[in-house]
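Novice: sequence plus predicted model, see below.
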Amino acid sequence: MNLSELKQPFIKNFPGDFSKNPMQRNTPRVLFTTTDPAVFDHPELIVFNENLSEEIGLGKWNDSDLNFITAQKLPENIITYATAYSGHQFGNWAGQLGDGRALYAGEIINKEGKKTELQWKGAGATPYSRHADGRAVLRSSVREYLMSEAMHHLGIPTTRALSLSFTGEIVVRDIMYSGNPKPEKGAVIMRTAESFLRFGHFEGISAQKEIETLAKLADFTIENYFPEVQSEGAQKYKDFFVKICDDTRQMVVEWLRVGFVHGVMNTDNMSVLGLTIDYGPFSMMDEYDLNFTPNTTDLPNRRYAFGKQAQIAQWNLWQLANALFPLINDEKFLEETLNIFGTKFWEDHDKMLSQKFGFDLILDGDEEFFLNWQGLMQEFQLDYTLFFNFLETGEEANSEKAAEISYDPSNENLLEKLQNFLSVYKNRLAKNTISEGESKELMRKNNPKFILRNYLLFECIEEIENGKKDLLRKLTHALENPYEEIYPEFSVKRPSGYDGVSGCSMLSCSS
Ligand code: AMP
Ligand code: MG
(Lines give C-alpha, C1' and ligand atoms only; values in the text may rest on other atoms or scores of the structure.)
(Ligands and ions follow the chains in the order given, each with its own letter.)
Protein backbone atom coordinates (compact mmCIF):
# COMPACT_ATOMS: atom_id res chain seq x y z
CA MET A 1 0.00 0.00 0.00
CA ASN A 2 1.02 3.55 -0.61
CA LEU A 3 1.48 4.83 2.95
CA SER A 4 3.91 7.68 2.29
CA GLU A 5 1.07 10.08 1.43
CA LEU A 6 -0.75 9.63 4.74
CA LYS A 7 -1.06 12.97 6.55
CA GLN A 8 -2.59 14.16 9.81
CA PRO A 9 -4.15 17.58 9.09
CA PHE A 10 -6.46 17.32 12.10
CA ILE A 11 -3.65 17.41 14.64
CA LYS A 12 -2.04 20.38 12.89
CA ASN A 13 -5.21 22.43 13.23
CA PHE A 14 -6.37 21.89 16.78
CA PRO A 15 -5.18 22.12 20.36
CA GLY A 16 -3.92 18.70 21.38
CA ASP A 17 -1.90 16.82 23.92
CA PHE A 18 1.31 15.59 22.29
CA SER A 19 2.56 13.79 25.39
CA LYS A 20 1.73 10.24 24.20
CA ASN A 21 0.81 9.70 27.82
CA PRO A 22 -1.52 6.68 27.77
CA MET A 23 -2.82 7.22 31.31
CA GLN A 24 -6.61 7.31 31.33
CA ARG A 25 -7.74 10.80 32.22
CA ASN A 26 -9.75 13.85 31.30
CA THR A 27 -8.01 16.00 28.73
CA PRO A 28 -9.71 19.40 29.03
CA ARG A 29 -9.55 21.94 26.19
CA VAL A 30 -7.86 19.61 23.70
CA LEU A 31 -9.36 17.63 20.84
CA PHE A 32 -6.86 14.76 20.77
CA THR A 33 -3.92 13.05 22.42
CA THR A 34 -1.14 11.39 20.47
CA THR A 35 -1.18 7.71 21.46
CA ASP A 36 0.92 4.71 20.48
CA PRO A 37 -0.81 1.46 19.51
CA ALA A 38 -0.37 -1.74 21.52
CA VAL A 39 2.25 -4.27 20.48
CA PHE A 40 0.78 -7.53 19.17
CA ASP A 41 3.17 -10.46 18.92
CA HIS A 42 1.33 -12.63 16.40
CA PRO A 43 -1.09 -10.62 14.29
CA GLU A 44 -2.68 -12.50 11.41
CA LEU A 45 -4.72 -11.23 8.48
CA ILE A 46 -8.26 -12.54 8.12
CA VAL A 47 -9.48 -10.41 5.24
CA PHE A 48 -8.34 -7.35 3.30
CA ASN A 49 -10.69 -5.21 1.19
CA GLU A 50 -8.70 -4.75 -2.03
CA ASN A 51 -11.38 -2.78 -3.87
CA LEU A 52 -11.64 -0.23 -1.07
CA SER A 53 -7.87 0.09 -0.85
CA GLU A 54 -7.66 0.94 -4.57
CA GLU A 55 -10.66 3.26 -4.37
CA ILE A 56 -9.28 5.45 -1.59
CA GLY A 57 -5.79 5.67 -3.09
CA LEU A 58 -3.87 3.19 -0.93
CA GLY A 59 -3.30 0.84 -3.86
CA LYS A 60 -2.34 -2.82 -3.82
CA TRP A 61 -1.52 -5.09 -0.89
CA ASN A 62 2.11 -5.98 -0.02
CA ASP A 63 2.91 -8.61 2.57
CA SER A 64 4.60 -5.98 4.73
CA ASP A 65 1.24 -4.16 4.96
CA LEU A 66 0.21 -6.53 7.73
CA ASN A 67 2.31 -4.27 9.96
CA PHE A 68 0.23 -1.28 9.02
CA ILE A 69 -3.26 -2.77 9.24
CA THR A 70 -2.48 -4.21 12.67
CA ALA A 71 -0.80 -0.94 13.79
CA GLN A 72 2.68 -2.48 14.20
CA LYS A 73 6.00 -0.97 13.03
CA LEU A 74 4.56 2.12 11.39
CA PRO A 75 6.38 4.39 8.93
CA GLU A 76 7.65 7.65 10.39
CA ASN A 77 5.15 9.90 8.62
CA ILE A 78 2.33 8.34 10.62
CA ILE A 79 1.51 10.00 13.94
CA THR A 80 -1.22 8.06 15.73
CA TYR A 81 -3.77 9.82 17.91
CA ALA A 82 -7.08 9.37 19.71
CA THR A 83 -9.67 12.16 19.77
CA ALA A 84 -11.66 13.53 22.67
CA TYR A 85 -15.42 13.74 22.42
CA SER A 86 -18.34 13.71 24.83
CA GLY A 87 -21.95 12.81 24.46
CA HIS A 88 -25.39 11.87 25.68
CA GLN A 89 -25.82 8.16 26.37
CA PHE A 90 -29.36 6.78 26.72
CA GLY A 91 -30.62 10.34 27.10
CA ASN A 92 -28.17 11.47 29.81
CA TRP A 93 -25.10 13.66 29.62
CA ALA A 94 -22.11 11.34 29.98
CA GLY A 95 -19.27 13.88 29.96
CA GLN A 96 -15.98 12.98 28.31
CA LEU A 97 -15.94 9.73 26.32
CA GLY A 98 -13.51 9.84 23.38
CA ASP A 99 -11.79 7.23 21.22
CA GLY A 100 -11.38 4.48 23.80
CA ARG A 101 -10.13 1.93 21.33
CA ALA A 102 -10.04 3.77 18.04
CA LEU A 103 -6.76 5.26 16.88
CA TYR A 104 -6.33 7.51 13.87
CA ALA A 105 -3.64 6.77 11.28
CA GLY A 106 -4.41 9.98 9.36
CA GLU A 107 -5.88 10.88 6.01
CA ILE A 108 -5.21 9.82 2.43
CA ILE A 109 -6.36 11.68 -0.69
CA ASN A 110 -7.00 9.72 -3.90
CA LYS A 111 -6.40 10.85 -7.51
CA GLU A 112 -9.86 12.39 -7.73
CA GLY A 113 -9.17 14.45 -4.60
CA LYS A 114 -11.43 12.40 -2.35
CA LYS A 115 -10.33 12.45 1.31
CA THR A 116 -10.45 9.35 3.49
CA GLU A 117 -9.53 9.01 7.16
CA LEU A 118 -8.17 5.72 8.48
CA GLN A 119 -8.71 4.34 11.95
CA TRP A 120 -7.85 1.14 13.76
CA LYS A 121 -10.45 -0.19 16.13
CA GLY A 122 -9.08 -2.47 18.83
CA ALA A 123 -5.42 -1.40 18.61
CA GLY A 124 -5.00 -0.73 22.31
CA ALA A 125 -5.88 1.59 25.17
CA THR A 126 -5.91 5.37 24.92
CA PRO A 127 -6.36 8.15 27.50
CA TYR A 128 -10.09 7.78 26.69
CA SER A 129 -10.42 4.06 27.45
CA ARG A 130 -12.19 4.70 30.76
CA HIS A 131 -10.90 1.64 32.69
CA ALA A 132 -11.31 -0.64 29.67
CA ASP A 133 -8.57 -2.35 27.66
CA GLY A 134 -8.87 -0.68 24.24
CA ARG A 135 -9.16 -4.10 22.63
CA ALA A 136 -11.88 -5.58 20.44
CA VAL A 137 -12.92 -9.22 20.16
CA LEU A 138 -13.26 -11.20 16.93
CA ARG A 139 -17.04 -11.38 17.31
CA SER A 140 -17.64 -7.61 17.26
CA SER A 141 -14.92 -7.00 14.68
CA VAL A 142 -16.40 -9.46 12.16
CA ARG A 143 -19.78 -7.84 12.74
CA GLU A 144 -18.49 -4.33 12.07
CA TYR A 145 -16.34 -5.36 9.10
CA LEU A 146 -19.15 -7.16 7.28
CA MET A 147 -22.09 -4.97 8.25
CA SER A 148 -20.43 -1.68 7.34
CA GLU A 149 -19.57 -3.13 3.93
CA ALA A 150 -23.12 -4.52 3.58
CA MET A 151 -24.55 -1.06 4.29
CA HIS A 152 -22.25 0.51 1.73
CA HIS A 153 -23.37 -1.89 -0.98
CA LEU A 154 -27.01 -1.32 -0.05
CA GLY A 155 -26.30 2.31 -0.93
CA ILE A 156 -26.47 3.65 2.63
CA PRO A 157 -23.98 6.26 3.90
CA THR A 158 -21.57 4.51 6.26
CA THR A 159 -18.03 4.17 7.48
CA ARG A 160 -16.30 1.30 5.68
CA ALA A 161 -13.86 -1.48 6.52
CA LEU A 162 -10.44 -2.02 4.99
CA SER A 163 -9.19 -5.03 6.91
CA LEU A 164 -9.87 -7.50 9.67
CA SER A 165 -7.07 -9.28 11.54
CA PHE A 166 -6.47 -11.40 14.59
CA THR A 167 -4.20 -9.65 17.08
CA GLY A 168 -2.96 -12.95 18.49
CA GLU A 169 -4.08 -11.86 21.95
CA ILE A 170 -6.76 -13.36 24.14
CA VAL A 171 -9.24 -10.85 25.51
CA VAL A 172 -11.60 -11.50 28.40
CA ARG A 173 -15.24 -10.41 28.07
CA ASP A 174 -18.43 -10.99 30.05
CA ILE A 175 -20.79 -11.09 27.07
CA MET A 176 -24.10 -10.94 28.91
CA TYR A 177 -22.74 -9.00 31.94
CA SER A 178 -23.74 -11.99 34.05
CA GLY A 179 -20.55 -12.49 36.02
CA ASN A 180 -19.26 -15.14 33.59
CA PRO A 181 -16.21 -13.65 31.90
CA LYS A 182 -14.74 -15.78 29.12
CA PRO A 183 -11.57 -15.62 27.05
CA GLU A 184 -12.12 -14.62 23.41
CA LYS A 185 -9.84 -14.08 20.43
CA GLY A 186 -8.75 -10.45 20.04
CA ALA A 187 -9.05 -8.72 16.68
CA VAL A 188 -8.39 -5.36 15.09
CA ILE A 189 -10.09 -3.78 12.12
CA MET A 190 -8.98 -0.85 10.05
CA ARG A 191 -11.95 1.29 9.12
CA THR A 192 -12.34 4.28 6.84
CA ALA A 193 -14.59 7.32 6.48
CA GLU A 194 -14.43 10.69 4.81
CA SER A 195 -14.40 11.92 8.42
CA PHE A 196 -15.04 10.27 11.76
CA LEU A 197 -16.24 13.52 13.39
CA ARG A 198 -19.24 12.96 15.65
CA PHE A 199 -21.88 15.14 17.29
CA GLY A 200 -19.95 14.39 20.47
CA HIS A 201 -16.83 16.24 19.28
CA PHE A 202 -18.87 19.44 19.11
CA GLU A 203 -20.73 18.71 22.34
CA GLY A 204 -17.49 18.11 24.24
CA ILE A 205 -15.71 21.29 23.27
CA SER A 206 -18.88 23.40 23.57
CA ALA A 207 -19.66 22.09 27.07
CA GLN A 208 -16.22 23.34 28.13
CA LYS A 209 -17.10 26.77 26.70
CA GLU A 210 -14.07 26.65 24.42
CA ILE A 211 -15.91 28.74 21.85
CA GLU A 212 -12.85 29.62 19.78
CA THR A 213 -12.01 25.94 19.32
CA LEU A 214 -15.68 25.19 18.66
CA ALA A 215 -15.75 27.76 15.84
CA LYS A 216 -12.46 26.39 14.50
CA LEU A 217 -13.83 22.86 14.53
CA ALA A 218 -16.99 23.94 12.70
CA ASP A 219 -14.94 25.93 10.16
CA PHE A 220 -12.59 22.98 9.58
CA THR A 221 -15.53 20.61 9.11
CA ILE A 222 -17.33 22.96 6.72
CA GLU A 223 -14.22 23.70 4.70
CA ASN A 224 -13.28 20.05 4.30
CA TYR A 225 -16.58 18.22 4.09
CA PHE A 226 -19.39 20.70 3.35
CA PRO A 227 -18.46 22.36 0.04
CA GLU A 228 -22.10 23.37 -0.47
CA VAL A 229 -21.92 25.71 2.54
CA GLN A 230 -20.64 28.97 1.05
CA SER A 231 -22.18 31.57 3.38
CA GLU A 232 -20.38 33.53 6.07
CA GLY A 233 -20.88 34.53 9.70
CA ALA A 234 -23.72 33.01 11.72
CA GLN A 235 -25.48 32.04 8.45
CA LYS A 236 -22.60 29.70 7.68
CA TYR A 237 -23.22 27.73 10.90
CA LYS A 238 -26.97 27.74 10.26
CA ASP A 239 -26.46 26.26 6.79
CA PHE A 240 -24.07 23.75 8.31
CA PHE A 241 -26.65 22.65 10.86
CA VAL A 242 -29.42 22.40 8.22
CA LYS A 243 -27.19 20.15 6.10
CA ILE A 244 -26.42 17.90 9.08
CA CYS A 245 -30.18 17.61 9.73
CA ASP A 246 -30.78 16.72 6.06
CA ASP A 247 -28.01 14.11 5.96
CA THR A 248 -29.08 12.56 9.26
CA ARG A 249 -32.69 12.40 8.11
CA GLN A 250 -31.78 10.70 4.85
CA MET A 251 -29.59 8.20 6.68
CA VAL A 252 -32.41 7.18 9.03
CA VAL A 253 -34.94 6.91 6.17
CA GLU A 254 -32.48 4.55 4.51
CA TRP A 255 -32.11 2.50 7.70
CA LEU A 256 -35.87 2.08 7.76
CA ARG A 257 -35.93 1.12 4.09
CA VAL A 258 -33.75 -1.94 4.64
CA GLY A 259 -34.70 -2.71 8.25
CA PHE A 260 -31.50 -1.65 10.02
CA VAL A 261 -31.59 -1.01 13.76
CA HIS A 262 -28.46 0.71 15.06
CA GLY A 263 -29.06 -0.20 18.68
CA VAL A 264 -26.97 2.52 20.40
CA MET A 265 -27.91 5.89 18.95
CA ASN A 266 -26.05 7.87 21.60
CA THR A 267 -24.87 11.28 20.40
CA ASP A 268 -21.27 10.06 20.47
CA ASN A 269 -22.29 7.46 17.88
CA MET A 270 -23.78 10.04 15.49
CA SER A 271 -21.64 11.15 12.56
CA VAL A 272 -21.67 14.82 11.58
CA LEU A 273 -21.52 13.64 7.96
CA GLY A 274 -24.63 11.49 8.31
CA LEU A 275 -22.70 8.22 8.10
CA THR A 276 -23.75 5.07 9.89
CA ILE A 277 -20.99 4.71 12.47
CA ASP A 278 -19.99 2.49 15.42
CA TYR A 279 -21.47 -0.89 14.68
CA GLY A 280 -22.18 -2.55 18.03
CA PRO A 281 -25.37 -4.37 19.04
CA PHE A 282 -27.04 -3.54 15.69
CA SER A 283 -29.38 -5.85 13.84
CA MET A 284 -31.20 -6.18 10.57
CA MET A 285 -34.82 -6.75 11.38
CA ASP A 286 -36.18 -10.21 10.58
CA GLU A 287 -39.87 -10.06 11.63
CA TYR A 288 -41.32 -6.57 11.25
CA ASP A 289 -41.67 -4.97 14.66
CA LEU A 290 -41.56 -1.27 15.39
CA ASN A 291 -40.55 -2.06 18.99
CA PHE A 292 -37.65 -4.28 18.07
CA THR A 293 -34.36 -3.39 19.75
CA PRO A 294 -31.42 -5.80 19.48
CA ASN A 295 -29.55 -4.21 22.42
CA THR A 296 -29.99 -5.89 25.82
CA THR A 297 -28.84 -2.67 27.52
CA ASP A 298 -31.75 -0.88 25.82
CA LEU A 299 -34.37 -2.96 27.69
CA PRO A 300 -36.96 -2.36 29.02
CA ASN A 301 -37.32 1.19 27.67
CA ARG A 302 -36.51 0.39 24.04
CA ARG A 303 -35.25 3.90 23.43
CA TYR A 304 -33.38 2.73 20.35
CA ALA A 305 -36.08 0.50 18.85
CA PHE A 306 -36.51 0.25 15.06
CA GLY A 307 -39.53 2.54 14.93
CA LYS A 308 -38.08 5.19 17.26
CA GLN A 309 -34.94 5.93 15.29
CA ALA A 310 -36.23 9.14 13.64
CA GLN A 311 -37.41 10.56 16.95
CA ILE A 312 -34.06 9.76 18.55
CA ALA A 313 -32.12 11.26 15.64
CA GLN A 314 -34.15 14.43 16.19
CA TRP A 315 -33.41 14.37 19.93
CA ASN A 316 -29.72 13.95 19.14
CA LEU A 317 -29.87 16.88 16.73
CA TRP A 318 -31.32 18.96 19.59
CA GLN A 319 -28.17 18.21 21.57
CA LEU A 320 -26.05 19.21 18.61
CA ALA A 321 -28.10 22.40 18.27
CA ASN A 322 -27.33 23.21 21.91
CA ALA A 323 -23.64 22.61 21.26
CA LEU A 324 -23.61 24.88 18.20
CA PHE A 325 -25.74 27.55 19.88
CA PRO A 326 -22.82 29.86 20.74
CA LEU A 327 -22.09 30.07 16.99
CA ILE A 328 -25.69 30.40 15.80
CA ASN A 329 -27.36 32.39 18.60
CA ASP A 330 -30.85 32.00 17.18
CA GLU A 331 -33.23 29.87 19.18
CA LYS A 332 -36.16 30.35 16.84
CA PHE A 333 -34.16 29.23 13.85
CA LEU A 334 -32.96 26.09 15.60
CA GLU A 335 -36.42 25.20 16.81
CA GLU A 336 -37.89 25.63 13.34
CA THR A 337 -35.14 23.60 11.73
CA LEU A 338 -35.70 20.76 14.18
CA ASN A 339 -39.46 20.86 13.61
CA ILE A 340 -38.89 20.74 9.87
CA PHE A 341 -36.77 17.64 10.47
CA GLY A 342 -39.85 15.87 11.83
CA THR A 343 -42.16 16.92 9.00
CA LYS A 344 -39.67 16.18 6.25
CA PHE A 345 -38.77 12.87 7.81
CA TRP A 346 -42.31 11.53 7.48
CA GLU A 347 -42.64 12.88 3.93
CA ASP A 348 -39.41 11.14 2.92
CA HIS A 349 -40.40 8.05 4.84
CA ASP A 350 -43.74 7.72 3.07
CA LYS A 351 -42.08 8.27 -0.29
CA MET A 352 -39.56 5.54 0.55
CA LEU A 353 -42.30 3.15 1.61
CA SER A 354 -44.37 3.84 -1.48
CA GLN A 355 -41.36 2.99 -3.64
CA LYS A 356 -40.94 -0.30 -1.81
CA PHE A 357 -44.51 -1.05 -2.89
CA GLY A 358 -43.78 0.05 -6.47
CA PHE A 359 -46.00 3.17 -6.32
CA ASP A 360 -44.87 6.18 -8.31
CA LEU A 361 -46.96 8.72 -6.38
CA ILE A 362 -48.51 9.00 -2.96
CA LEU A 363 -52.30 9.13 -3.29
CA ASP A 364 -55.16 9.88 -0.92
CA GLY A 365 -55.76 6.81 1.15
CA ASP A 366 -52.15 5.62 1.05
CA GLU A 367 -51.59 6.58 4.66
CA GLU A 368 -54.38 4.22 5.68
CA PHE A 369 -52.98 1.56 3.35
CA PHE A 370 -49.58 1.85 5.07
CA LEU A 371 -51.16 1.61 8.51
CA ASN A 372 -53.08 -1.53 7.54
CA TRP A 373 -49.92 -2.99 6.14
CA GLN A 374 -48.03 -2.29 9.39
CA GLY A 375 -50.82 -3.98 11.32
CA LEU A 376 -50.61 -7.06 9.09
CA MET A 377 -46.81 -7.24 9.43
CA GLN A 378 -46.89 -6.94 13.23
CA GLU A 379 -49.83 -9.27 13.79
CA PHE A 380 -48.44 -12.15 11.75
CA GLN A 381 -44.77 -11.49 12.42
CA LEU A 382 -43.97 -11.25 8.74
CA ASP A 383 -40.37 -11.04 7.62
CA TYR A 384 -39.73 -7.48 6.40
CA THR A 385 -37.39 -8.42 3.55
CA LEU A 386 -39.10 -11.62 2.42
CA PHE A 387 -42.49 -9.91 2.42
CA PHE A 388 -41.41 -7.32 -0.16
CA ASN A 389 -39.54 -9.93 -2.19
CA PHE A 390 -42.73 -11.96 -2.31
CA LEU A 391 -44.77 -8.89 -3.32
CA GLU A 392 -42.34 -8.25 -6.16
CA THR A 393 -42.96 -11.72 -7.64
CA GLY A 394 -46.62 -10.77 -8.17
CA GLU A 395 -47.64 -14.31 -7.17
CA GLU A 396 -50.84 -15.26 -5.35
CA ALA A 397 -50.53 -16.27 -1.70
CA ASN A 398 -50.99 -19.90 -0.66
CA SER A 399 -50.45 -21.51 2.71
CA GLU A 400 -46.94 -22.65 1.85
CA LYS A 401 -45.84 -19.15 0.74
CA ALA A 402 -47.49 -17.57 3.78
CA ALA A 403 -45.61 -19.92 6.10
CA GLU A 404 -42.31 -19.12 4.39
CA ILE A 405 -42.53 -15.43 5.25
CA SER A 406 -44.16 -15.56 8.70
CA TYR A 407 -42.63 -16.30 12.12
CA ASP A 408 -46.12 -17.29 13.28
CA PRO A 409 -47.02 -19.74 10.49
CA SER A 410 -49.63 -21.68 12.44
CA ASN A 411 -51.82 -18.59 12.94
CA GLU A 412 -55.11 -19.66 11.38
CA ASN A 413 -55.96 -16.19 10.06
CA LEU A 414 -52.65 -15.71 8.29
CA LEU A 415 -53.55 -16.86 4.77
CA GLU A 416 -56.91 -15.12 4.59
CA LYS A 417 -55.56 -11.79 5.87
CA LEU A 418 -52.61 -11.97 3.51
CA GLN A 419 -54.88 -12.68 0.54
CA ASN A 420 -57.15 -9.79 1.51
CA PHE A 421 -54.18 -7.48 1.71
CA LEU A 422 -52.93 -8.61 -1.70
CA SER A 423 -56.23 -7.82 -3.36
CA VAL A 424 -56.26 -4.29 -1.83
CA TYR A 425 -52.67 -3.91 -2.97
CA LYS A 426 -53.50 -4.95 -6.55
CA ASN A 427 -56.26 -2.35 -6.72
CA ARG A 428 -53.88 0.28 -5.45
CA LEU A 429 -51.17 -0.72 -7.96
CA ALA A 430 -53.68 -0.27 -10.76
CA LYS A 431 -53.78 3.46 -9.94
CA ASN A 432 -50.09 3.88 -10.85
CA THR A 433 -49.28 6.26 -13.69
CA ILE A 434 -46.16 4.26 -14.61
CA SER A 435 -46.02 0.92 -16.44
CA GLU A 436 -45.90 -2.41 -14.67
CA GLY A 437 -42.27 -2.80 -15.72
CA GLU A 438 -41.32 0.57 -14.26
CA SER A 439 -43.13 -0.25 -11.04
CA LYS A 440 -41.28 -3.56 -10.76
CA GLU A 441 -38.00 -1.73 -11.31
CA LEU A 442 -38.81 0.66 -8.44
CA MET A 443 -39.41 -2.36 -6.22
CA ARG A 444 -36.26 -4.08 -7.37
CA LYS A 445 -34.11 -1.06 -6.54
CA ASN A 446 -35.67 -0.43 -3.13
CA ASN A 447 -36.08 -3.94 -1.74
CA PRO A 448 -32.88 -5.86 -1.05
CA LYS A 449 -32.87 -9.56 -1.85
CA PHE A 450 -30.04 -10.15 0.59
CA ILE A 451 -29.70 -8.71 4.07
CA LEU A 452 -26.96 -9.63 6.53
CA ARG A 453 -29.03 -11.26 9.24
CA ASN A 454 -27.56 -11.67 12.70
CA TYR A 455 -27.71 -15.45 12.59
CA LEU A 456 -25.54 -15.42 9.44
CA LEU A 457 -23.00 -13.25 11.22
CA PHE A 458 -23.17 -15.60 14.18
CA GLU A 459 -22.41 -18.62 11.97
CA CYS A 460 -19.66 -16.75 10.15
CA ILE A 461 -17.95 -15.80 13.43
CA GLU A 462 -18.04 -19.43 14.56
CA GLU A 463 -16.46 -20.56 11.31
CA ILE A 464 -13.67 -17.98 11.47
CA GLU A 465 -12.99 -18.99 15.07
CA ASN A 466 -12.54 -22.52 13.77
CA GLY A 467 -10.12 -21.40 11.08
CA LYS A 468 -12.52 -21.52 8.11
CA LYS A 469 -13.45 -18.73 5.70
CA ASP A 470 -16.00 -20.30 3.31
CA LEU A 471 -19.01 -18.51 4.75
CA LEU A 472 -17.05 -15.27 5.00
CA ARG A 473 -16.37 -15.45 1.25
CA LYS A 474 -19.95 -16.31 0.42
CA LEU A 475 -21.41 -13.57 2.61
CA THR A 476 -18.99 -11.05 1.12
CA HIS A 477 -20.16 -12.01 -2.37
CA ALA A 478 -23.81 -11.80 -1.36
CA LEU A 479 -23.50 -8.48 0.46
CA GLU A 480 -21.71 -6.93 -2.50
CA ASN A 481 -24.79 -7.67 -4.64
CA PRO A 482 -27.70 -7.17 -2.23
CA TYR A 483 -30.33 -6.43 -4.87
CA GLU A 484 -29.78 -9.80 -6.57
CA GLU A 485 -30.41 -13.28 -5.29
CA ILE A 486 -27.02 -14.94 -5.57
CA TYR A 487 -27.46 -17.69 -2.97
CA PRO A 488 -31.10 -18.87 -2.61
CA GLU A 489 -30.21 -20.42 0.77
CA PHE A 490 -29.83 -16.89 2.22
CA SER A 491 -33.31 -15.85 1.04
CA VAL A 492 -35.12 -17.60 3.88
CA LYS A 493 -36.34 -16.48 7.26
CA ARG A 494 -34.20 -16.90 10.40
CA PRO A 495 -34.11 -20.62 11.30
CA SER A 496 -36.18 -21.26 14.45
CA GLY A 497 -33.16 -22.70 16.28
CA TYR A 498 -31.80 -19.15 16.50
CA ASP A 499 -34.85 -17.60 18.19
CA GLY A 500 -33.73 -15.91 21.40
CA VAL A 501 -30.11 -17.00 21.01
CA SER A 502 -27.59 -14.49 22.37
CA GLY A 503 -25.70 -13.00 19.44
CA CYS A 504 -28.65 -13.59 17.09
CA SER A 505 -31.83 -12.08 18.49
CA MET A 506 -30.31 -10.11 21.34
CA LEU A 507 -26.88 -8.58 21.66
CA SER A 508 -25.04 -6.83 24.41
CA CYS A 509 -22.70 -3.86 24.07
CA SER A 510 -19.81 -6.05 25.23
CA SER A 511 -17.32 -6.12 22.43
P1 AMP B 1 -19.84 2.59 22.49
O2 AMP B 1 -21.04 2.45 23.34
O3 AMP B 1 -19.31 1.31 21.93
O4 AMP B 1 -20.01 3.63 21.43
O5 AMP B 1 -18.66 3.10 23.45
C6 AMP B 1 -18.79 4.15 24.36
C7 AMP B 1 -17.42 4.55 24.83
O8 AMP B 1 -16.76 3.43 25.44
C9 AMP B 1 -16.49 5.07 23.75
O10 AMP B 1 -15.75 6.11 24.30
C11 AMP B 1 -15.64 3.85 23.45
O12 AMP B 1 -14.41 4.21 22.90
C13 AMP B 1 -15.48 3.22 24.84
N14 AMP B 1 -15.17 1.77 24.78
C15 AMP B 1 -16.01 0.75 24.48
N16 AMP B 1 -15.37 -0.44 24.57
C17 AMP B 1 -14.09 -0.19 24.93
C18 AMP B 1 -12.92 -0.99 25.18
N19 AMP B 1 -12.92 -2.32 25.08
N20 AMP B 1 -11.79 -0.35 25.53
C21 AMP B 1 -11.76 0.99 25.65
N22 AMP B 1 -12.80 1.80 25.44
C23 AMP B 1 -13.97 1.23 25.07
MG1 MG C 1 -19.09 4.56 20.10
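Specialist: Received, thanks. Ligands and ions are numbered 1, 2, ... in the order given.
Novice: give the contact list for the residue of the stretch 1-150 of the chain found nearest ligand 1.
Specialist: Taking C-beta to the nearest ligand atom, ligand 1 has its nearest neighbour within the stretch 1-150 of the chain at residue 100, 2.3 Å off. All C-beta spots, glycine's among them, are computed from the backbone N, C-alpha and C. Applying C-beta atoms under 8 Å, 6 or more residues apart in numbering, we find residue 100 in contact with 82, 125, 126, 128, 129, 130, 132, 134.
Novice: measure the fifth one to residue 38 for me?
Specialist: Read it as residue 129. 11 Å (C-beta to C-beta, to the nearest Å).
Novice: so the two - more neighbours on which side?
Specialist: Under the criterion of other C-beta atoms under 10 Å, the comparison of residue 129 against residue 38 puts residue 38 first, with 22 against 19.
Novice: hang on, the more buried one packs against residue 124?
Specialist: Yes - using C-beta atoms under 8 Å, residue 38 is in contact with residue 124, at 2.9 Å.
Novice: what's around residue 351, how many residues?
Specialist: Residue 351: 13 surrounding residues under other C-beta under 10 Å.
Novice: so it is in which element?
Specialist: In this structure, residue 351 sits in helix 331-356 according to DSSP states H and E.
Novice: skipping adjacent residues, who's closest to the residue in the stretch 201-350 of the chain positioned nearest to ligand 2 in space?
Specialist: Residue nearest to ligand 2 within the stretch 201-350 of the chain: residue 278 (3.9 Å; C-beta to the ion). Leaving aside its sequence neighbours, residue 278 sits nearest to residue 269 (C-beta to C-beta, 6 or more residues apart in numbering; 4.2 Å).
Novice: enumerate every residue touching the one you found.
Specialist: Residue 269 sits next to 87, 198, 262, 277, 278, 280 when contact means C-beta under 8 Å, 6+ apart.
Novice: and it, how far is that from residue 199?
Specialist: In this structure, residue 269 lies at 9 Å from residue 199, with C-beta to C-beta as the measure.
Novice: what residues are shared contacts of those two?
Specialist: In contact with both residue 269 and residue 199: residue 87, using C-beta under 8 Å, 6+ apart.
Novice: work out for me the element residue 240 sits within.
Specialist: Per DSSP H and E: helix 233-258 holds residue 240.
Novice: that helix vs helix 331-356, what angle?
Specialist: Taking axes from the mean of the first three to the mean of the last three C-alpha atoms, to 10 degrees, helix 233-258 and helix 331-356 form an angle of 30 degrees between their directions.
Novice: need the residues that contact the helix or strand following helix 233-258.
Specialist: Using DSSP H and E, the helix or strand that follows helix 233-258 in sequence is strand 260-261. Applying C-beta under 8 Å, 6+ apart, the contact partners of strand 260-261 are 151, 156, 254-255, 276, 282-285, 292-294, 304-306, 309.
Novice: let's see it at 6 Å
Specialist: Strand 260-261 has contacts (C-beta atoms under 6 Å, 6 or more residues apart in numbering) with 283, 294, 306.
Novice: reformat those residues as JSON lines; add neighbour count, distance to ligand 1 and secondary structure.
Specialist: Below are the contacts of strand 260-261 laid out as JSON lines (neighbours: other C-beta atoms under 10 Å; distance: C-beta to the nearest ligand atom, whole Å; DSSP: H, G, I helix; E, B strand; the rest coil):
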{"residue": "283", "neighbour count": "25", "distance to ligand 1": "15", "secondary structure": "strand"}
{"residue": "294", "neighbour count": "24", "distance to ligand 1": "14", "secondary structure": "coil"}
{"residue": "306", "neighbour count": "23", "distance to ligand 1": "19", "secondary structure": "helix"}
